[in-house]
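Q: here's a sequence, model it:
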Amino acid sequence: MTQLTLVIGNKNYSSWSLRPWLVMKQFGLEFNEIRIPLYNSPDSSSKIRQYSPSGKVPVLLHETQTVWDSLAICEYLAETFPTLQWWPEDKAARAFTRSISAEMHSGFQNLRQNMPMNCRSDILLH
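A: Presented below is the predicted three-dimensional model:
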């Protein structure tokens, strides 16, 4: 198997980092993980820039390829490992699934702004 390395931020606070990590775990892909703390570390930005042309995480490193952005990483992996069932076979179902994924990826600004990700939070919503 070819070598995959996923560069991510805190899984607790970065849903974008968590997304490709979960997908890769779900499909049983073997990969190295480089975790860069996003907060409380003055050199986070310079560490991320070592791997990421956008200066953001996540970033997938595979052979000579660098892929950034969680959705782009998932699409790249789907093309790289086509024998795994990444998307529905039916064209209409696949289009619907991709639409939902794109909306989740780029939408919900008010939700993100008012409810930042924190998996460790003990605040319950009523």
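Q: burial measure for the residue nearest to residue 84 when sequence neighbours are not counted, as a count.
A: Excluding the flanking residues, the one nearest residue 84 by CB to CB, 6 or more residues apart in numbering is residue 27, at 5.2 Å. The C-beta positions use only the backbone N, C-alpha and C, and glycine is treated the same way. If you count neighbours by other CB atoms under 10 Å, residue 27 ends up with 13.
Q: any idea how far the residue lying closest to residue 54 once chain neighbours are set aside lies from residue 29?
A: Setting aside the residues directly before and after it, residue 54 is nearest to residue 68 in space (CB to CB, 6+ apart), at 5.1 Å. Note on residue 68: its distance to residue 29, by CB to CB, to the nearest Å, is 18 Å.
Q: if you count surrounding residues, which of these two has more?
A: residue 68 (20 against 16).
Q: quick check: phi and psi on the more buried one?
A: Per-residue torsions, residue 68: phi -120, psi 160 (degrees, to the nearest 10).
Q: mind checking the longest helix of this protein?
A: Criterion DSSP state H: the longest helix present in the chain is helix 91-106.
Q: what does it rub up against?
A: 70-71, 74, 87-88 (CB atoms under 8 Å, 6 or more residues apart in numbering).
Q: and it, average pLDDT?
A: Helix 91-106 shows a mean pLDDT of 86.
Q: let's see that helix as PDB, backbone CA atoms only.
A: Taking C-alpha atoms only, helix 91-106 is exported to PDB below (Å, rounded to 0.1, in the frame of the first residue of the first chain):
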ATOM      1  CA  LYS A  91     -26.100   8.400 -10.400                       C
ATOM      2  CA  ALA A  92     -29.100  10.200  -8.800                       C
ATOM      3  CA  ALA A  93     -28.300   9.000  -5.300                       C
ATOM      4  CA  ARG A  94     -24.600  10.000  -5.900                       C
ATOM      5  CA  ALA A  95     -25.600  13.500  -7.000                       C
ATOM      6  CA  PHE A  96     -27.900  13.900  -3.900                       C
ATOM      7  CA  THR A  97     -25.100  12.600  -1.600                       C
ATOM      8  CA  ARG A  98     -22.600  15.000  -3.100                       C
ATOM      9  CA  SER A  99     -25.000  17.900  -2.700                       C
ATOM     10  CA  ILE A 100     -25.500  17.100   0.900                       C
ATOM     11  CA  SER A 101     -21.700  16.800   1.500                       C
ATOM     12  CA  ALA A 102     -21.000  20.100  -0.300                       C
ATOM     13  CA  GLU A 103     -23.700  21.900   1.700                       C
ATOM     14  CA  MET A 104     -22.400  20.600   5.000                       C
ATOM     15  CA  HIS A 105     -18.900  21.500   3.900                       C
ATOM     16  CA  SER A 106     -19.600  25.100   2.900                       C
END
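Q: having no further points to raise, I will conclude here.
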